[in-house]
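Visitor: fold the following and give me the result.
(one chain, ligands or ions: 4)
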Amino acid sequence: MKLEYFSLPFAFAILLLSGCIGKHIHKNVRTFEDIKKEICGYSSIASAIIDLAVHGKAQNRSYDRLALFVDTIGNRMSGSKNLDLAIKYMYNALQKDGLDNVHLEPVKVPHWERGEEFAMMLEPRNQSISILGLGSSIGTPPQGITADVLVVTSFTELHRRAPEARGKIVVYNQPFVSYEETVKYRSFGAVEAAKVGAVASLIRSIASFSIYSPHTGWQDYQTDVPKIPTACIAVEDAEMMARMASRGTKIVITLKMGAKTYPDANSFNTVAEIVGNKYPEQVVLVSGHLDSWDVGQGAMDDGGGAFISWEALSIIKDLGLSPKRTLRLVLWTGEEQGGVGSRQYYELHKENIFDFDLVMESDTGTFMPLGLQFTGRDKARAIMKEVMMLLQPINITSLYEHGEGTDIDYWMEAGVPGASLLDDFQKYFWFHHSQGDTMTVQDPALMNLCAAVWAVVSYVIADMEEMLPR
Ligand SMILES: *[C@@H]1O[C@H](CO)[C@@H](O)[C@H](O)[C@H]1NC(C)=O
Ligand SMILES: *[C@@H]1O[C@H](CO)[C@@H](O)[C@H](O)[C@H]1NC(C)=O
Ligand SMILES: *[C@@H]1O[C@H](CO)[C@@H](O)[C@H](O)[C@H]1NC(C)=O
Ligand SMILES: [Zn+2]
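Guide: Ligands and ions are numbered 1, 2, ... in the order given. Have a look, this model is predicted:
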């Protein structure tokens, strides 16, 4: 039905009845009611986005694109040829998709390679121990390190037993509490062990479930503490050695690691846009990281987040929608080394910080979406809550506290509203940074839902009359 066939008062009455118009006409004194009405006015667009992503032509597209990408390129460690290939691949794919301003922004990233690595228990019996060296670890001398093992379950126990640690390989068998709580053993296990004279450290993988796979990750040395080689071991081996030690059994391990750090490498953040039609300089940023660890396929961490972010722009473009502000996709590089790409991006673009409306990141998997985590002032939160109501057709309307993510934290700390995808990530740490992070973890139907959430929120915020209040 076309509006011009009706008299204006009649049309106005219809809009009133539909619940989507109010004091809209008093532009200068917009109340929250006005904003609510404005958001409500997006309900048919939101439905169209959801239909396209979940039921329509775009069904499974982000999954299919991701599968082709990870099957073609494989994993994408910073400094690797694979990451270079991945960036070229995405540059071409985003151009082919017809997005605007596809370009690469140079970033220097750490370049560490694990080389050959191997561990063998020699006493009480010979058994190979599966390891994954930790990012930035030094290697061992070519003949390896052979030493007795001291098993501890915490830093407290390590400090209490410090005199026993000298000359030993410290094995940490800390229980998994949560990633945030337990990851300190991966990050600082080597430093703490070196402080008490250990020659290497082996750390129980930071994983909530295990079928005998080690999980890698970044670790940090300190300048005033000797560097010792460090790797993760499977939960099963950490527990076995803890049992042996508790029986008073002597354990000896030989460890060989060929790990090396090379000079920083050239890499890029990959950017594409739908340029805003009214305020092109103002930006809603959607993002995930393109780099991964050098094991598995990096399909979950963070292939899923990167590809639903691309999908959000594809969907909006396919529907012929043109938001007032620019929608910008950023595929970060160097995330796994501590958000290296996003830090350089922030430094480069922070002079335009007042043009950043909302920064969004997905990096805890693309399982069943539960809603968004949001960081911003109460006024902005109230608006976001209304925007989430547009997702009623798929019943994903919750807005939680604490938007977070390595790649958007700088912006949020500087006051820019930020949102991260909250999904049912119970299984995330089963696969994270392990050989198990493959396409098999991903589910096309769930990626469709994630993409719908991402597209609706990013489009509506980019198209509203006003930026989110800070
Ligand atoms: C999407 O994936 C689901 C689950 O694998 C499948 O049942 C469905 O047919 C797929 N749809 C398309 C359009 O490929
Ligand atoms: C255990 O392994 C070491 C080193 O590989 C080897 O020298 C030794 O003979 C092995 N011992 C047994 C009992 O297999
Ligand atoms: C919608 O989601 C909520 C959880 O956010 C759940 O409790 C409720 O049962 C769901 N409703 C439907 C109709 O699926
Ligand atoms: Zn990640």
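Visitor: contacting residues around residue 191?
Guide: 220-222, 225 (C-beta atoms under 8 Å, 6 or more residues apart in numbering). (C-beta placed from N, C-alpha, C; glycine too.)
Visitor: tell me which helix or strand it sits in.
Guide: Assigned by DSSP states H and E, residue 191 belongs to helix 184-195.
Visitor: show me what counts as buried in that helix.
Guide: 185-195 (16 or more other C-beta atoms under 10 Å).
Visitor: which of those sits closest to residue 116?
Guide: residue 190 (19.5 Å; C-beta to C-beta).
Visitor: separation between that closest one and residue 427?
Guide: 28 Å (C-beta to C-beta, to the nearest Å).
Visitor: now residue 100
Guide: 36 Å.
Visitor: and residue 309, by the same measure?
Guide: Note on residue 309: its distance to residue 427, by C-beta to C-beta, is 21 Å.
Visitor: quick one: which of those two has more around it?
Guide: Applying other C-beta atoms under 10 Å to residue 309 and residue 427 shows that residue 309 carries more neighbours, namely 31 against 14.
Visitor: hang on, that one in a helix?
Guide: Yes. Under DSSP: H, G, I helix; E, B strand; the rest coil, residue 309 sits within a helix.
Visitor: sec struct for the residue lying closest to it once chain neighbours are set aside, please.
Guide: Spatial nearest neighbour of residue 309, excluding adjacent residues (C-beta to C-beta, 6 or more residues apart in numbering): residue 286 at 4.4 Å. Under three-state DSSP, residue 286 falls in the strand class.
Visitor: next one: residue 286 from residue 450, what distance?
Guide: Distance from residue 286 to residue 450, by C-beta to C-beta: 11 Å.
Visitor: show residues contacting stretch 268-279.
Guide: 87, 90-91, 94, 97, 99-107, 282, 290, 310, 313, 316-317, 322-333, 341-342, 344-345, 462.
Visitor: nearest residue to the middle of this structure?
Guide: When C-alpha atoms, centre = their mean is applied to the chain, the residue found nearest the centroid is residue 363 (2.0 Å).
Visitor: got the contact list for that one?
Guide: 288-289, 301-302, 305, 335, 405-407, 420 are the contacts of residue 363 under C-beta under 8 Å, 6+ apart.
Visitor: what parts of this protein come near ligand 1?
Guide: Neighbours of ligand 1 within the chain, by C-beta under 6 Å from any ligand atom: 59-60, 444-445.
Visitor: before we move on, the earlier item: is the residue nearest to the centre of the chain in a helix, a strand, or coil?
Guide: Secondary structure of residue 363, per three-state DSSP, is coil.
Visitor: parallel or antiparallel, which strands does the helix or strand residue 281 falls within pair with?
Guide: Here residue 281 sits within strand 279-289, counting by DSSP H and E. Using DSSP bridges, the strands paired with strand 279-289 are strand 325-332 (parallel), strand 356-361 (parallel).
Visitor: skip ahead from the shortest one and say which helix or strand is next.
Guide: Just to be clear, that refers to strand 356-361. strand 369-375.
Visitor: OK, contacts around the residue in the stretch 301-450 of the chain that ligand 1 sits nearest to?
Guide: As assessed by C-beta to the nearest ligand atom, ligand 1 sits closest to residue 444 within the stretch 301-450 of the chain, at 4.1 Å. The contact partners of residue 444, by C-beta under 8 Å, 6+ apart, come to 59-60, 63-64.
Visitor: repeat the analysis, applying 7 Å as the threshold.
Guide: Listed by C-beta atoms under 7 Å, 6 or more residues apart in numbering, the contact partners of residue 444 are 60, 63.
Visitor: state the pLDDT value of it.
Guide: Looking at residue 444, its pLDDT stands at 98.
Visitor: and the helix or strand containing residue 447, how far out from the chain middle?
Guide: Assigned by DSSP H and E, residue 447 belongs to helix 444-463. Its chain's C-alpha centre and that of helix 444-463 lie 16 Å apart, by C-alpha atoms, centre = their mean, to the nearest Å.
Visitor: how about it: buried residues?
Guide: 446-463.
Visitor: still on that earlier bit, with respect to residue 391, which of the residues of the chain next to ligand 1 is nearest?
Guide: Closest approach to residue 391 among those (C-beta to C-beta): residue 445, at 15.8 Å.
Visitor: neighbours of the residue in the stretch 1-150 of the chain that ligand 1 sits nearest to, just the number please.
Guide: For the stretch 1-150 of the chain and ligand 1, the shortest gap (C-beta to the nearest ligand atom) falls at residue 60, measuring 3.7 Å. By other C-beta under 10 Å, the residues close to residue 60 number 15.
Visitor: could you do residue 465 as well?
Guide: 12.
Visitor: ok but it is inside a helix, no?
Guide: No. Using three-state DSSP, the assignment for residue 465 is coil, not a helix.
Visitor: how about the closest residue to it other than its chain neighbours, phi and psi?
Guide: Setting aside the residues directly before and after it, residue 465 is nearest to residue 38 in space (C-beta to C-beta, 6+ apart), at 6.3 Å. Main-chain torsions, residue 38, degrees, to the nearest 10: phi -60, psi -50.
Visitor: neighbours of residue 38, just the number please.
Guide: 21.
Visitor: also residue 67?
Guide: 18.
Visitor: quick one: contacts for it?
Guide: residue 439.
Visitor: quick one: mean pLDDT for the helix or strand harbouring it?
Guide: For residue 67, the host element (DSSP H and E) is helix 61-73. Averaging pLDDT along helix 61-73 gives 98.
Visitor: what's the following helix or strand after it?
Guide: Next along from helix 61-73, by DSSP H and E: helix 81-96.
Visitor: what's the following helix or strand after that following helix?
Guide: strand 100-113.
Visitor: okay, angle between that next one and strand 279-289 too, please.
Guide: Angle, strand 100-113 to strand 279-289, by axes from the mean of the first three to the mean of the last three C-alpha atoms, to 10 degrees: 30 degrees.
Visitor: which helices and strands sit right next to the helix or strand just after strand 100-113?
Guide: As assigned by DSSP H and E, the chain's next helix or strand after strand 100-113 is strand 117-123. Packing partners of strand 117-123 (3 or more C-beta pairs under 7 Å, 6 or more residues apart in numbering; DSSP states H and E): strand 127-129, strand 131-133, strand 252-257.
Visitor: what about the residue in the stretch 151-300 of the chain that ligand 1 sits nearest to, how many neighbours?
Guide: Residue nearest to ligand 1 within the stretch 151-300 of the chain (C-beta to the nearest ligand atom): residue 299, separated by 15.2 Å. Using other C-beta under 10 Å, residue 299 has 26 other residues around it.
Visitor: no further questions, thank you.
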